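1. let me see the structure of the following:
(one chain, ligands or ions: 2)
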Amino acid sequence: MVGIGPVTQVASQLIAGRDLFLLIHIQGIACFAYIVARRLVPLVRAERDFRFDHPWVRLGRVGKYWLGQWKHPRYRTAGTLHIFIFAGFIVLAIRAFSVLIVGVSENFVMPGLSGRAGPIYDIITDYAATIVFLCMAIAVVRRLVFAPARYAVPARYGKAHTADAIFLLSLIAILMMADSLFAAAKAAAQFQGSQSVETLATFSLPWMLQKALVSASLPVLGRLYFGAYLVHELTFYFLLCYRPFGIQFHVETSLFNIYFAKLDREILKPVRWGVADEHLDQVKSFGVKTFEDFTWKHMLDFYSCADCGRCSDNCPANAVGRPLSPRFIGIKARDYTFQHYPVVGRAKNGAALIGNKDAGGIYSEDEIWSCTTCGACEEECPLLVEYIDKIVDLRRGMVDDGNVPQSLQKPLKALESRGNPYGKLEKKKADWANAKEFQQVCPVKTLGKANGAGTLYFVDSITSYDDRMQSIGRATAKILNHVGENFGILGAAERDSGHEVRRFGEETLFTALRDHNVDAIKTSGVRRIVTSDPHAYNALKHDYKDVPPVEHISQVIASEVRAGKIKFNPVENRNAVYTYHDPCYLGRHNQIYDDPRDVLDAIPGLKRVEMTRSRDRSFCCGGGGLMLFYEPKEDERMGVKRVQMAAEAGANVIVTACPFCMANIEDAIKVAGFEGKMEAIDLAELVDQQIMRDPLAPKAC
Ligand code: SF4
Ligand code: SF4
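-> Ligands and ions are numbered 1, 2, ... in the order given. You can find the predicted model right below:
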């Protein structure tokens, strides 16, 4: 509240500019509304996406991920800086609003802040402005001098946005300075009038400026008061209208992006929202081919990316030099939106996204096939930007156009004709279990029509047909037998789970495989499914409908260990140091991190170390399913990087719980030159090896 005398003289400067300020308000708001309306045009033309369910759950996630900044501390320095800036902005939002209104109504006080709360709020905002100002200065220095490698933009992805980032950081710093000067000039005038001076927070920016202005003349203070207000107002509206042209648009969109983020991340988006599988034949075109084939939420993702680089920093494909960096999947699409849906001018739509740049393409085929769908990018993103659905949709579009990499054509044909990517005969599917010697120690039933077994062991293709992985199948069967499980397998009636087929965009083939398996499972009459393959686990749990509950063998073992049904002999090799590699589809996609570790820790004498990248930051081994057949362009193999990480952690035995991880890691041990010094073993194999058996029980079971 402005007092009399000197303060009135200073404050009267604002009254003189009231008409000007009102004009700036009206123009600023109108301009912002127009720009946002134009930015919404592509979203209106986009494909449908159902994100309006569970409003309370969604609001809770806004509280956690937006207001609570939940993921930011995963990067300590940048995260802390961001939390301070964000908190400062939240505190200053009310102040900015009040300051803007004061220009046209000089006695305005925000409701609720006229009493005692006012001075307390003022002190908090003084500190908030100071902290945000300092954070801006640190962020500028960090960008210019100590920029983390993840900010770099490789030449093939365009130019770095450093200048833009510095410009925006500087504008925010100017806003904070203008806000503080505005408060300081008024307080200095009050001081000169021997009035009670509004309390400015000690050592805050406004407090320091007030100290510096204490002997300035009243006309100077008046001009500073007016000037600070004008700069504040112009900068505020300039920022508001400039942000939708670059990465800072996330300030406006992030709240909505988090509210509408996918609740069930493990479930792939359908080919078309609102079209049931049985009506897919009526869909004219599958997947994403042009920009307008993306859903409105995916376009909102493009606007919301803050270009922080965390996704790509954790992307294994990017780490090994594949032509994929998830950050640029988003940034390139956002730049495409800005070019094709300009704020001024007509929209130009319809260009194919994949292929020739001159024809409007922004992605290469290799880029889109390079993804292992490991989920590291989505796990890391503080704004819950989604990538897997977009990449799968782009693959669906390519598959629909018959555009499938050469190396994948044969396994896909084999899957269609034989139900497995190796082209092996169905009748050989149960050979691993039917071998005479194995049946003698561990009989495994092949389930037909409801024949009394309560549990189905769903084996899937690699464990059934690959000589090395059959050992995982046998170990799993022996463990189930040991705990007295009445189980069987489907044998020739089991087709590939189709997990990778779906993620490679072959939705029709996936539907056929799934329907066949669902029929076979229902016919068997089982009430529970167990699998040793995380990809099959993920498919059965999330891609299939109407099948009994599914468990991964690591969950079964962990619960039997806790129940005391499984006990272990001590580890004999005292030099063995174990580390557990989290398979992506067990860990990140299904949050099964503790069960396998609990099992390992229950084995007496087992020394276990953690790799730096573990649990939800696990590093993909190179991918499962059809990734084994794909020949990507890369500088080195993901598996090689992974075994190097294990060696750095001091381990010489890598335990995993996935046959695909086993294939990649065993191969990588050889390539990395660790043969004879390091080994890989599946959790089921290790448990089978260490299990304490009753000496009177039939051999090995
Ligand atoms: S899912 Fe994995 S491989 Fe694919 S873009 Fe994300 S981090 Fe990279
Ligand atoms: S998608 Fe998320 S993690 Fe990746 S750059 Fe954008 S904001 Fe950062």
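
2. okay, now the closest residue to Lys424 other than its chain neighbours: neighbour count?
-> Spatial nearest neighbour of Lys424, excluding adjacent residues (Cβ to Cβ, 6 or more residues apart in numbering): Tyr465 at 5.1 Å. To be clear about C-beta, it is placed using only N, CA and C from the backbone, and glycine gets the same treatment. Number of residues near Tyr465 (other Cβ atoms under 10 Å) recorded here: 21.

3. what packs against the helix or strand harbouring Val640?
-> Using DSSP states H and E, Val640 falls within helix 638-648. Packing partners of helix 638-648 (3 or more Cβ pairs under 8 Å, 6 or more residues apart in numbering; DSSP states H and E): helix 316-319, strand 653-656, helix 659-671.

4. now the last one: buried residues?
-> What it means is helix 659-671. Residues Pro659, Phe660, Cys661, Met662, Ala663, Asn664, Ile665, Glu666, Asp667, Ala668, Ile669 are the ones in helix 659-671 that count as buried (16 or more other Cβ atoms under 10 Å).

5. so what angle separates the directions of that helix and helix 638-648?
-> Counting by axes from the mean of the first three to the mean of the last three Cα atoms, to 10 degrees, helix 659-671 lies at 70 degrees to helix 638-648.

6. after helix 659-671, next one along is what?
-> Downstream of helix 659-671, the first helix or strand assigned by DSSP H and E is strand 679-682.

7. show residues contacting that following strand.
-> 471-472, 475, 532, 652-659, 662, 665-666, 669, 689 (Cβ atoms under 8 Å, 6 or more residues apart in numbering).

8. sheet-wise, list the partners of it with their directions.
-> Strand 679-682 has its sheet partners listed here by DSSP bridges as strand 653-656 (parallel).

9. buried sites along the strand it pairs with?
-> Residues Val653, Ile654, Val655, Thr656 are the ones in strand 653-656 that count as buried (16+ other Cβ under 10 Å).

10. packing partners of the lengthiest helix in the chain?
-> Scanning the chain for the helix with the most residues, using DSSP state H, yields helix 162-192. Under the contact criterion of 3+ Cβ pairs under 8 Å, 6+ apart, helix 162-192 touches helix 6-16, helix 76-102, helix 117-144, helix 205-213, helix 218-242.

11. check the offset of the shortest one from the chain's centre.
-> In this case it means helix 205-213. Distance of helix 205-213 from the chain centroid (Cα atoms, centre = their mean, to the nearest Å) equals 44 Å.

12. ok, the last one next?
-> The offset between the C-alpha centroid of helix 218-242 and the centroid of the whole chain comes to 40 Å, using Cα atoms, centre = their mean.

13. in the stretch 101-250 of the chain, what residue lies closest to ligand 2?
-> Nearest residue of the stretch 101-250 of the chain to ligand 2 (Cβ to the nearest ligand atom) works out as His250 at 7.0 Å.

14. that residue: which element?
-> Per DSSP H and E, His250 falls inside helix 250-259.

15. now the element after that helix, going C-ward?
-> Counting by DSSP H and E, the element after helix 250-259 in chain order, helix or strand, is helix 296-304.

16. now the angle from that following helix to helix 250-259?
-> Taking the same axes, to 10 degrees, one finds helix 296-304 and helix 250-259 inclined to each other by 150 degrees.

17. which elements pack onto helix 296-304?
-> Helix 296-304 packs on helix 18-45, helix 250-259, helix 326-340, helix 388-400, going by 3+ Cβ pairs under 8 Å, 6+ apart.

18. so which bits of the chain are right by ligand 1?
-> 315-317, 324, 326, 371-377, 387-388 (Cβ under 6 Å from any ligand atom).

19. which residue is nearest the centroid of this structure?
-> Taking Cα atoms, centre = their mean, the centroid of the chain lies closest to Glu378, which sits 1.1 Å from it.

20. which secondary structure element contains that one?
-> Per DSSP H and E: helix 376-380 holds Glu378.

21. need the residues that contact that helix.
-> 71, 74, 265, 310-316, 326, 384-388, 584, 588, 616-620.

22. one more time with 6 Å
-> Here helix 376-380 makes contact (Cβ atoms under 6 Å, 6 or more residues apart in numbering) with Arg310, Cys311, Asn314, Cys315, Pro326, Glu386, Tyr387, Arg588, Asp616.

23. now swap in stretch 543-556 and tell me
-> Among residues not part of stretch 543-556, those counted as contacts by Cβ under 6 Å, 6+ apart are 476, 514, 518, 521, 526-530, 532, 537, 540-541, 595-596, 657, 683-684.

24. possible to save the helices and strands packed on helix 638-648 as JSON lines with mean pLDDT?
-> JSON lines is the format used below for the helices and strands packed on helix 638-648 (pLDDT from 0 to 100):
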{"stretch": "helix 316-319", "mean pLDDT": "96"}
{"stretch": "strand 653-656", "mean pLDDT": "98"}
{"stretch": "helix 659-671", "mean pLDDT": "97"}
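
25. show me which residues of the longest helix of the chain are buried.
-> Under the neighbour-count criterion of 16+ other Cβ under 10 Å, helix 162-192 has 164-165, 168-169, 171-192 buried.

26. doesn't Val655 make contact with Ala646?
-> No. Between Ala646 and Val655 there is no contact under Cβ atoms under 6 Å: 9.9 Å.

27. surely Ala651 is within a helix?
-> No. If the criterion is DSSP: H, G, I helix; E, B strand; the rest coil, then Ala651 is coil and not within a helix.

28. tally of neighbours for it?
-> Around Ala651 there are 23 other residues, counting by other Cβ under 10 Å.

29. list the contacts of it.
-> Contact analysis of Ala651 by Cβ under 6 Å, 6+ apart lists Val577, Thr579, Val609.

30. and Cys621, by the same measure?
-> With Cβ under 6 Å, 6+ apart, Cys621 has these contacts: Gly639, Arg642, Cys661, Asn664, Ile665.

31. swap in Val275?
-> So Val275 contacts Val283 (Cβ under 6 Å, 6+ apart).

32. go on, Pro570?
-> Pro604, Gly605.

33. need the buried ones from the contacts of Ala651 selected in PyMOL.
-> To isolate the buried ones among those in PyMOL, judged by 16+ other Cβ under 10 Å, type:
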select buried, resi 577+579
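
34. the contacts of Ala651 in helices, which ones?
-> Among these, no member falls in helices (DSSP H).

35. out of the contacts of Ala651, which sit inside strands?
-> Val577, Thr579, Val609 (DSSP state E).

36. for those residues, which one is nearest ligand 2?
-> Set against ligand 2, the nearest of the ones in strands among the contacts of Ala651 by Cβ to the nearest ligand atom is Thr579 (26.9 Å).

37. so what's the closest one closest to, chain neighbours aside?
-> Leaving aside its chain neighbours, Thr579 sits nearest to Ala651 (3.6 Å; criterion: Cβ to Cβ, 6+ apart).

38. so what pLDDT did the one you found get?
-> What the model reports for Ala651 is a pLDDT of 98.

39. return the most buried member of the helices and strands packed on helix 296-304.
-> Highest mean neighbour count among the helices and strands packed on helix 296-304 (mean count of other Cβ atoms under 10 Å): helix 388-400, with a mean of 23.

40. convert the C-alpha atoms of that helix to CSV, please.
-> Extracted C-alpha coordinates of helix 388-400, given in CSV (Å, rounded to 0.1, in the frame of the first residue of the first chain):
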residue,chain,number,x,y,z
ILE,A,388,7.7,-46.7,-27.0
ASP,A,389,4.2,-46.2,-28.3
LYS,A,390,5.4,-43.7,-30.9
ILE,A,391,8.2,-45.9,-32.1
VAL,A,392,5.9,-48.9,-32.3
ASP,A,393,3.4,-46.9,-34.2
LEU,A,394,6.0,-45.7,-36.6
ARG,A,395,7.0,-49.4,-37.1
ARG,A,396,3.4,-50.3,-37.6
GLY,A,397,3.3,-47.7,-40.4
MET,A,398,6.4,-49.2,-42.0
VAL,A,399,5.2,-52.7,-41.7
ASP,A,400,1.9,-51.7,-43.3
